[in-house]
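K.L.:
Take this sequence and fold it.
(2 chains)
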Number of protein chains: 2
Amino acid sequence: MSEQYLKDRDIEFLLYEFLDTEALLQRPRYAEHSREVFNATLDTARTIAEKYFADHYTKGDACEPTFDGETVTLIEETHKAWHAFAEAGFLAAHYDFDEGGMQLPEVILRSAMAYINAANVGTAAYPFLTLGAANLVRSFASEDLKNTYLPPMMDGRYAGTMALTEPDQGSALADIRTTATPAEDGSYRLRGQKMFISGGDQSITENIVHMVLARIKDAPPGVKGISLFLVPKFIPATDGAAPIRNDVQLAGLLHKMGYRNTTSTVLSFGESGGAVGYLVGEPHKGLSYMFQLMNEARIGVGTGAAVLGYRGYQHALQYAKERPQGRLPSNRDPQSKQVPIIQHADVRRMLLMQKSYVEGGLALCLYASSLFEDAHSAETENERQQAAELLDLLTPIVKSWPSKYCLKANDLAIQVLGGSGYIREYPLEQLYRDNRLNPIHEGTEGIQAMDLLGRKVPAKGLAGYQLLAGEIGKTLAACADSDELNALAQRLGDGLGRLNSTTEILLGQMAADADLGLANAALYLDAFGRVVVSWIWLRQALIASRRLNTNLSENEENFYRGKLQAARFYIEWELPEIEPQLTLLEAGNRVPFEMQRDWF
Amino acid sequence: MSEQYLKDRDIEFLLYEFLDTEALLQRPRYAEHSREVFNATLDTARTIAEKYFADHYTKGDACEPTFDGETVTLIEETHKAWHAFAEAGFLAAHYDFDEGGMQLPEVILRSAMAYINAANVGTAAYPFLTLGAANLVRSFASEDLKNTYLPPMMDGRYAGTMALTEPDQGSALADIRTTATPAEDGSYRLRGQKMFISGGDQSITENIVHMVLARIKDAPPGVKGISLFLVPKFIPATDGAAPIRNDVQLAGLLHKMGYRNTTSTVLSFGESGGAVGYLVGEPHKGLSYMFQLMNEARIGVGTGAAVLGYRGYQHALQYAKERPQGRLPSNRDPQSKQVPIIQHADVRRMLLMQKSYVEGGLALCLYASSLFEDAHSAETENERQQAAELLDLLTPIVKSWPSKYCLKANDLAIQVLGGSGYIREYPLEQLYRDNRLNPIHEGTEGIQAMDLLGRKVPAKGLAGYQLLAGEIGKTLAACADSDELNALAQRLGDGLGRLNSTTEILLGQMAADADLGLANAALYLDAFGRVVVSWIWLRQALIASRRLNTNLSENEENFYRGKLQAARFYIEWELPEIEPQLTLLEAGNRVPFEMQRDWF
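P.N.:
Residues are numbered from 1 along each chain as shown, chains lettered A, B, ... in the order given. As a prediction, this is how the structure comes out:
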């Protein structure tokens, strides 16, 4: 890319300084790898991103997919991108060697995918959804299903989707109505309609594997009666005959504000008798299986939001360095030269705010990926369990914080460019439109807030919460002997203390009245996110501060000074907003709760 | 409109309870009018909005203007809307009877235009720009120019534009480079390029009158050397011959994220020798003339932003009342009926936040319009001057606060609808895209912030600021004997006190170092806006509280309860955020200011 969407030096910092990714090489699963292999993986992703994804970011937006009643047409570049991604092995890179994979760690692949996403989020959705769907098949499907569907999902012949939402049910999964009726051959016949299914139809792959939530006849009501089915668009024939078109029809495309190169579909299952589907795992356990995918997808959404913000920030920064306009307030000489707008304090504020959001957001997401890795490959059972608990707690933050603040970063990037930010001749308005999806899909802000306060925080006697507090405590202790960081650590410590006491009060409120106790959960989610991201920034500052005490090149010194300044910004400007938030929460403010329908 | 974009009851409240618009009838200029005439004006606007503007809101976005190198093509509905607007007399409604106008007050016309804007902001821009340009001609042009150009701008044959921005200069008006050379006949020849000129070319009217800022040869440098010119697209012939095409060419259309039915143009003046232009007013005074238009346009931008937010809020509210989804946290029975989503506390929070932004924003803008009216038609010189000073102070808030928060209202409206909010099958994503322009044009957020802190607050020994503090004080005093409002008044009083002391500190900082003192002006703008809008809400609450002590119908009681609850929300949830903001300002926080270019 002529334009750098992600700062390579920052990725390197996050992987090898902020996280100790090299330590993974000590684990048996990665013993055959090296830092060079990890970096080569990133290089490959960057090259593919540049060559096959970035080229049609704008075109895929302007020429969105069309449906003529028979066929969905996508621009040709989408096909090439898909195949380049598949041929590089990325659809199978996280699988073990003996499964045909590359046995690469999560955090490396997440970083590699960050490049792909930054280059073209609308096209990246196809392989990303396929990765998720294949993981479900791999984890829960029968050997038979695996043998049939996994190889073509790993080599790019088949794509995958996740089909949860229905027109009448939205976020309320308990109310899924699609039915599955057992057939004599052990398969099922599905009937119902799904909506907002990304990649639900396309012309890229020879087949599409839908992972569908449905209800078997006489299943228990609510979430405990939902099962997971594999429903292919084409049923592969076993005898070499042509595959049979399944009874899944595209009812229509939806037309999104952004993410336009990803088809968003309404799918009808079983309008001509019943769509053939295969039960995945046990009956009625579909939602818990799907949540494996959802949790991974939520880290993916957070990372996607972060890199869209990151790309916008990089663009705005470049523009601000190059664009001359106006003079400083102290300069009254209209004949003096105009200054680059980065010299205006307000432009620097907007850029620093973006930096704190996007680098903070990406650090948060890669940290979550490292927890995901630890939950699977850490040495001891205890380590694995702690990582899983911490990740469980943080998932609502990892999903929602970048979705909110890295969208805000895109908003600020537009503002730095002014009128140019608002026109399609520059990429910023598209980044903003694309990123607006992220606070919605894979669980809205409101859903994440209820999940955090209602479920994740109280889980197992606050086990995850206490682990987090312990981790933050370690960072605070490490800052104690640094004059530079002590004041920041003090602020974070105070913030954590306030969060602790507010959390206790809220748990009491919830016990007394669940509806009232959860009413202001969105405020809690935001305040919690500010504490977590302040910690993420303090950790980065701690590394920077140590490195700045060594001999550094000018570039390196600038890099670490920037980290330090961004940490200072976040903790001095953004963390203090928890004060009025926590005050409202502690008081159990009832103003929105008591607002009546007819008063609006 | 089958959909109500603005709540009529609220407009009535704002005009006749919040503002005392009926009192205008005592003024000589409006003696021949009546409340019925005012209401008939609103009815006409609402009818035209519904019939000629709302019909192509979506179509004008999907089928944006095109340019084939010769002609700009707009969808046919735009032409019809323009003519309906002109035929209703709205292009001249604010002129005196003897000028051929309707002699209507500003606040009534601003409310009428709110309906038009809510219906279709992309089409409304053409008449709105023409109104502004005609005002400039009327105020400052020679009798000759007025006789030639004003009548066709008042009856809809000519449209108008304001042509300030140039490609290399952006917001920095001091650096305008377009030149004007005197010709022998007393006119000038203009040469240069203008960018982001809305309505700069179109196929609706037979002529376009550009109000152009340019520099006469040997003019003083900077803003003191800028003159205003009238440059028509066609020069009308005096002898009945065909008009002559002037040397103003459309270099190209820009393609915006929203506001798509408004052409945004790059215009070349004088590429074939020189565009004929006529000096308006005196040489070198162009910027001060233009600021008359700019100040009116800034109220217009604020109002436009408010009504886009308002429309989105109305849509989200309707949806939330009708859309069933999920159950309350306390209800564990999956077989119980789903509830309309307005029953979820977080949805009510999002709706109440929108209500506080959009009704607060519209109240602010109509209050500003009433100040504009008072500045022109109040009885005494003293009243007129005070209104002008207060309006001067508030203009940056009136422009920027609704642009920021009513855009946020659109964001929240999308969130209430979830996936449906993100697709073009619903209007919310377009409202959000349209509204994103408002923090940019007519002076960005950063420009407004510098204007407020650097110019408007210190002006005339804080005259405007003290007037505002006095007005707020009156409202606080009126709340003293209400148990219901006392706590809210106390909070606002404390907030104002904090703002006062911070302002004093900032004025000291600016005197010591203008660059540093103004560095965090954007924070000040936001905090100042929160105080002002809290006051606007307290005034509404005061009226509501008094009315609630009388006998009311159920509908009326609901209406006033809603006002009270929204005031409570704004003052309890939004005002307290000034605390961390003012703390940063008082401390003169230098973190963004000291951030270095190479640290990013």
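K.L.:
wait, what's in contact with A:Leu407?
P.N.:
Counting by C-beta atoms under 8 Å, 6 or more residues apart in numbering or on different chains, A:Leu407 touches A:305, A:308-309, A:432, A:435-436, A:438-439. Yep, even glycine has a C-beta here, placed from its N, CA and C like the rest.
K.L.:
likewise A:Leu228?
P.N.:
A:136, A:140, A:211-213, A:279-281, A:285-286, A:289-290.
K.L.:
Quick check: it is in a helix.
P.N.:
No: using DSSP: H, G, I helix; E, B strand; the rest coil, the assignment for A:Leu228 is strand, not a helix.
K.L.:
just to revisit the earlier point, restrict the contacts of A:Leu407 to contacts with chain B.
P.N.:
With the criterion set as C-beta under 8 Å from any C-beta of the partner chain, the members of those near chain B are A:432, A:436, A:439.
K.L.:
What is the neighbour count of the last one?
P.N.:
Other residues lying near A:Pro439 total 24 when counted by other C-beta atoms under 10 Å in any protein chain shown.
K.L.:
surely it meets A:Ile447?
P.N.:
No: A:Pro439 lies out of contact with A:Ile447 (C-beta atoms under 8 Å); the separation is 10.5 Å.
K.L.:
Need the nearest residue in space to the residue in the stretch 151-300 of chain A positioned nearest to chain B, chain neighbours excluded.
P.N.:
Evaluated by C-beta to the nearest C-beta, the stretch 151-300 of chain A has A:Gly222 as its residue closest to chain B, separated by 2.6 Å. Nearest residue to A:Gly222 in three dimensions, chain neighbours excluded: B:Pro334, at 2.6 Å (C-beta to C-beta, 6 or more residues apart in numbering or on different chains).
K.L.:
Report pLDDT for the nearest residue to A:Asp8 once chain neighbours are set aside.
P.N.:
Setting aside the residues directly before and after it, A:Asp8 is nearest to A:Arg46 in space (C-beta to C-beta, 6+ apart), at 7.9 Å. Model confidence at A:Arg46, expressed as pLDDT, equals 97.
K.L.:
Remind me what the strand or helix carrying A:Arg46 packs against, helices and strands.
P.N.:
Applying DSSP states H and E as the criterion places A:Arg46 in helix A:35-48. Applying 3 or more C-beta pairs under 8 Å, 6 or more residues apart in numbering or on different chains; DSSP states H and E, one finds that helix A:35-48 contacts helix A:76-87, helix A:106-119.
K.L.:
let's see it at 6 Å
P.N.:
helix A:106-119 (3 or more C-beta pairs under 6 Å, 6 or more residues apart in numbering or on different chains; DSSP states H and E).
K.L.:
Next, the angle from the helix it packs on to helix A:35-48.
P.N.:
20 degrees (axes from the mean of the first three to the mean of the last three C-alpha atoms, to 10 degrees).
K.L.:
Point out the other helices and strands that whatever helix or strand comes next after helix A:106-119 packs with.
P.N.:
Later in the chain than helix A:106-119, the nearest helix or strand by DSSP H and E is helix A:121-140. Using 3+ C-beta pairs under 6 Å, 6+ apart as the contact test, the elements touching helix A:121-140 are helix A:76-87, helix A:143-155, strand A:158-163, strand A:207-216, helix A:286-322.
K.L.:
Please parse chain A into its domains.
P.N.:
Taking automatic domain parsing as the reference, chain A has its domains at A:8-284, A:286-330+A:337-443, A:457-590.
K.L.:
who does A:Val276 bridge with?
P.N.:
A:Arg189 (DSSP bridges).
K.L.:
Please list all residues in contact with it.
P.N.:
A:187, A:235, A:246 (C-beta atoms under 6 Å, 6 or more residues apart in numbering or on different chains).
K.L.:
Would you mind giving those as CSV with pLDDT and neighbour count added?
P.N.:
Listed next are the contacts of A:Val276 as CSV, based on pLDDT from 0 to 100; neighbours: other C-beta atoms under 10 Å in any protein chain shown:
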residue, pLDDT, neighbour count
A:Ser187, 98, 18
A:Ile235, 97, 18
A:Asn246, 98, 22
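K.L.:
Out of the residues you listed, list just those in strands.
P.N.:
Members of those lying in strands (criterion: DSSP state E): A:Ile235.
K.L.:
Let me see the contact set for the residue nearest to A:Gly222.
P.N.:
Per C-beta under 6 Å, 6+ apart, neighbours of B:Pro334: A:174, A:221-222.
K.L.:
By neighbour count, which of those wins?
P.N.:
A:Gly222 leads the contacts of B:Pro334 on contacts (other C-beta under 10 Å) with 19 neighbours.
K.L.:
Now do it against A:Arg215, distance only.
P.N.:
10 Å (C-beta to C-beta, to the nearest Å).
K.L.:
Likewise for A:Val339?
P.N.:
Between A:Val339 and A:Arg215 the computed distance is 64 Å (C-beta to C-beta).
K.L.:
May I have the secondary structure class of A:Ile197?
P.N.:
strand.
K.L.:
Identify the residues contacting it.
P.N.:
Counted by C-beta under 6 Å, 6+ apart, A:Ile197 has contacts A:161, A:163, A:265, A:267.
K.L.:
Not counting sequence-adjacent ones, nearest residue to the third one?
P.N.:
In space, not counting the residues next to it along the chain, A:Thr265 is nearest to A:Gly200; the distance is 3.2 Å by C-beta to C-beta, 6+ apart.
K.L.:
Make sure I have this right: the one you found is in a helix.
P.N.:
No: according to three-state DSSP, A:Gly200 belongs to no helix; its state is coil.
K.L.:
separation between it and A:Ile116?
P.N.:
Distance, A:Gly200 to A:Ile116, by C-beta to C-beta: 21 Å.
K.L.:
swap in A:Asp175?
P.N.:
35 Å.
K.L.:
Who has more neighbours out of the two?
P.N.:
A:Ile116 (26 against 21).
K.L.:
That one and A:Gly122 touch, don't they?
P.N.:
No: A:Ile116 lies out of contact with A:Gly122 (C-beta atoms under 6 Å); the separation is 11.5 Å.
K.L.:
Mind listing residues that contact stretch A:165-180?
P.N.:
Residues outside stretch A:165-180 that contact it (C-beta under 6 Å, 6+ apart): A:188, A:190-196, A:213-216, A:222-223, A:226, A:229, A:447, B:325-326, B:334.
K.L.:
Next, the buried residues of that stretch.
P.N.:
Buried residues in stretch A:165-180, counting neighbours by 16 or more other C-beta atoms under 10 Å in any protein chain shown, are found at A:165-166, A:169-176, A:178-180.
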